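> Need the 3D shape of this:
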Amino acid sequence: MDMMKLATQLLASKLGGDAGGNNDMVQNVIGNLLGGSGGSGIDLGSLVGNLQNSGLGDIAQSWLGDGDNEHISRSQIENMLGSDKIADAAKQLGADQNDLLRGLQNMIPQVVDKSSSGGSLLDSVGGIGGLASLAGKFLK
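Prediction:
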């Protein structure tokens, strides 16, 4: 499954209007917000590492397993990604910041969950600690 395609569809569906209709722009914004140091695609290791570093490791753990996904608030997403990055992304999309945050609130857990279905992502890197450690290596 193409995670960027899934992420783009999920976020675009929450944005609507001109922003939701421009998949290239939505992909660019997702890459800038979730692409780690590379700024393209979705860097799951960096994303989970950011969650862990923001005190949201339990939430990330729920998404990585096959059970129910815990809720993440818009303010937690904004704190994790940075209000400046959210404001810039909303401006680039021509969208309201709250709409963007609602879209990310819906999209991020689903993308992480789908990426780790069956535990393969977690198992391959040694659990959530291994994934956070992997993220740390990318950020150095």
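> who does whichever helix in the chain runs longest touch, helix- and strand-wise?
The longest helix of the chain (DSSP state H) is helix 97-115. When contacts are defined as 3 or more C-beta pairs under 8 Å, 6 or more residues apart in numbering; DSSP states H and E, helix 97-115 packs onto helix 3-15, helix 44-53, helix 57-64, helix 74-81, helix 83-93. Using the backbone N, CA and C atoms, a C-beta is placed for each residue, glycine as well.
> hey, which of those is tucked in deepest?
helix 44-53 (a mean of 22; mean count of other C-beta atoms under 10 Å).
> Can you name every helix or strand that that helix contacts?
Where contact means 3+ C-beta pairs under 8 Å, 6+ apart, helix 44-53 is packed against helix 57-64, helix 74-81, helix 97-115, helix 127-139.
> related to what we said a few turns ago, so which of the helices and strands packed on helix 97-115 gets nearest Gln105?
Within these, the stretch nearest Gln105 is helix 74-81; the backing value is 5.5 Å (C-beta to C-beta).
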